[in-house]
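> model the following, please.
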Amino acid sequence: MLNSFRYAVSGILHAIKSERNLRIHLCMMGYVLFFAWFGEVSSRQIPILFVCFGMVLTAELINTAIEQICDLVQPDKHPAVKIIKDIAAGAVLFSAIMAAAAGLWIFLDPAVFLTVIAKFLESPYIPVLLAVSVAFSLLFCKAKKS
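Next up, the predicted model:
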């Protein structure tokens with residue numbers, strides 16, 4: 001059983017290292033959590049965010065697995081493989097759009113939105129920390145495949 005977890009973690013780490021879009025989703029998850037904390041998002045809304053994170057990250061991992069299988073079975077370009085990969089990518093896009101819609105629903109709530117704005121205006125270090133984190137996120141997302 002422990003080996004199953006090791007294999008799963010190994011697969012996730014491989015996907016993080018090799019898939020730029022997965023790294024982008026992870027960074028976005030971090031920013032959503034940051035704003036949820038600053039916006040004092042309700043304890044009832046936090047699980048919605050985590051379900052959205054799980055949905056998008058799972059879709060991205062499945063998409064990565066499908067792409068790997070397709071490339072192994074058919075290394076040359078093939079119309080059927082293109083359709084398979086496009087459908088898998090479409091699943092990721094759809095899940096990301098739905099997650100973004102849920103996030104907007106939560107963060108555009110006037111109480112949450114105004115709390116975030118007020119905290120940014122109260123603390124001048126918060127925008128600086130956010131800017132620094134954006135720089136690190138860009139480096140993380142741009143990292144080359146290993």
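> so where's this protein shaky on pLDDT?
Applying pLDDT under 70 to the chain picks out residues 144-146.
> other SSEs contacting whichever strand or helix holds residue 131?
Assigned by DSSP states H and E, residue 131 belongs to helix 125-142. Where contact means 3 or more Cβ pairs under 8 Å, 6 or more residues apart in numbering; DSSP states H and E, helix 125-142 is packed against helix 20-38, helix 110-122. From N, CA and C alone the C-beta is placed, and that goes for glycine too.
> now the angle between helix 20-38 and the helix or strand just after the first one, please.
Meaning helix 20-38. Next in sequence after helix 20-38, counting helices and strands by DSSP H and E, comes helix 46-73. Note on geometry: by axes from the mean of the first three to the mean of the last three Cα atoms, to 10 degrees, helix 46-73 and helix 20-38 are set 180 degrees apart in direction.
> what residues sit buried inside helix 46-73?
Neighbour-count burial for helix 46-73, counted by 16 or more other Cβ atoms under 10 Å, picks out 48-49, 52-53, 55-57, 59-61, 63-64, 66-67, 70.
> any idea how far the helix holding residue 131 is from the chain center?
Centroid separation for helix 125-142 versus its chain: 16 Å, with Cα atoms, centre = their mean, to the nearest Å.
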